[in-house]
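Colleague: fold the following, please.
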Amino acid sequence: MSHTDVILAGAAAAFTIDLIIYPLDTIKTRLQASSEWTAGKKALFKGAYQGVGSIILATLPSSATFFLTYNFLVKNLSSTLIPSNKPHSQALQSAVHSLSSAIAETTSCAILTPAEVIKQNAQVASPTSRATTSLSLIVFRTLLKEPKGLFRGYTALVSRNLPFTAMQFPLYEDIRRRIYEYEGIAHPSLAQVGIITAISAGSAGSFAAAITTPLDVIKTRMMLLKCGGKHGSGGMFKTAKVIIRTEGPKAIWKGGLLRAVWTFLGSGLYLGMFESSKIYLSRRREGKEQL
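Modeller: Residues are numbered from 1 along each chain as shown. Next up is the predicted model:
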């Protein structure tokens, strides 16, 4: 598998899923932002694609970075850390997948954070504004007055994504392996790869998303300019305390169900398309395309 195949597969998957799932992410962000959005439920569904441009531009390089790093580490750590007499040790394989995904996620988050900040602030901007089409640019210009603001919430993003990927990828790999073994599939077709990967990744992702919802809420509050002075300036623990003290313990779980559903669809489609695209490109390159 060439690096080009990995990059193209990751880019195709990221672009497609961003467009399909983005409205659900917008609604989730607004639910987590503050009580004013939950009070005016009609506003939740307006301008569902606000800020999509910035995240698409950043998702492509960040996803390519993640998968290149992840695949490289899995390959090299497996050969280094797993003894030759224990090639199928599930505990060791899970540890390798967790470590690889954690390092890859930390790297990709550095690319993704500025776009995530712009995206989330654009998502909560007034959907009735005449300048809706340029909300991302407006937010970007505002943040340029204090450039370090583009990286606000980086630690929260990493703190959310590390346990998420550490849970998702080993579970995803294990579910996928079990399905292949149960069905007795040794040489899967392109369709089987896509479907099995989607089910495995979606199930693992939704579970990890539900568990990490509080970290997602904290990350959202820290990134939003409207909440920056009240929530985002004192770090993650202070942000969590303010949310719980002012809105109650349930507030830290806002958008949890929607995030689980969004992640099931997003992770399933994303990794399903990624693996299918990767194999398709590889087979086509080798002259062995099998549809």
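Colleague: contacts and neighbour counts: CA atoms only from here.
Modeller: Fine.
Colleague: how about the helices in the stretch 101-250 of the chain?
Modeller: Using DSSP state H, counting those that start in this stretch, the helices of the stretch 101-250 of the chain run over 135-144, 154-183, 190-211, 213-223, 225-228, 235-247.
Colleague: give me the buried positions along the longest one.
Modeller: Of the residues in helix 154-183, those buried by neighbour count under the rule 16 or more other C-alpha atoms under 10 Å are 154-176, 180.
Colleague: which one is K254 nearest to, not counting chain neighbours?
Modeller: Distance criterion C-alpha to C-alpha, 6 or more residues apart in numbering; nearest residue to K254, sequence neighbours excluded, is Q32 at 5.5 Å.
Colleague: for that neighbour, pull up the helix or strand it's in.
Modeller: helix 3-33 (DSSP states H and E).
Colleague: mind listing what the nearest residue to A102 once chain neighbours are set aside touches?
Modeller: Leaving out its chain neighbours, the residue that sits closest to A102 by C-alpha to C-alpha, 6+ apart is L162, at 5.3 Å. By C-alpha atoms under 8 Å, 6 or more residues apart in numbering, the contact list for L162 reads 101-102, 105-106.
Colleague: just the buried ones from those residues?
Modeller: Burial by neighbour count, judged by 16+ other C-alpha under 10 Å, picks out 101-102, 105-106 from those.
Colleague: now, which of these lie within strands?
Modeller: Of the positions in these, not one sits in strands, assigned by DSSP state E.
Colleague: before we move on, the earlier item: of the contacts of L162, just say which sits nearest to L271.
Modeller: Distance to L271, by C-alpha to C-alpha, is smallest for S101 among those, at 13.8 Å.
Colleague: residues in contact with the closest one?
Modeller: 66, 70, 162, 165-166, 169.
Colleague: likewise V217?
Modeller: Counting by C-alpha under 8 Å, 6+ apart, V217 makes contact with 32, 252-254.
Colleague: likewise T113?
Modeller: 150-154, 157.
Colleague: find the residue ranges of the stretch 1-150 of the chain scoring beneath the pLDDT cut-off.
Modeller: 1-13, 34-43, 83-89, 127-134 (pLDDT under 70).
Colleague: if you set the cut-off to 50 instead, what comes out?
Modeller: Residue ranges of the stretch 1-150 of the chain with pLDDT under 50: 39, 129, 132-133.
Colleague: I'd say S63 and A14 touch.
Modeller: Yes - with contact defined as C-alpha atoms under 8 Å, S63 reaches A14; the gap is 7.0 Å.
Colleague: quick one on the thing from earlier: redo the contacts of S101 as TSV? Include distance to A115.
Modeller: As requested, the contacts of S101 are arranged in TSV below (distance: C-alpha to C-alpha, whole Å):
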residue	distance to A115
F66	16
Y70	22
L162	19
T165	20
A166	23
F169	24
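Colleague: check those against G51 and report the nearest one.
Modeller: Distances from G51 to the contacts of S101, taken by C-alpha to C-alpha, are shortest for F66, at 22.1 Å.
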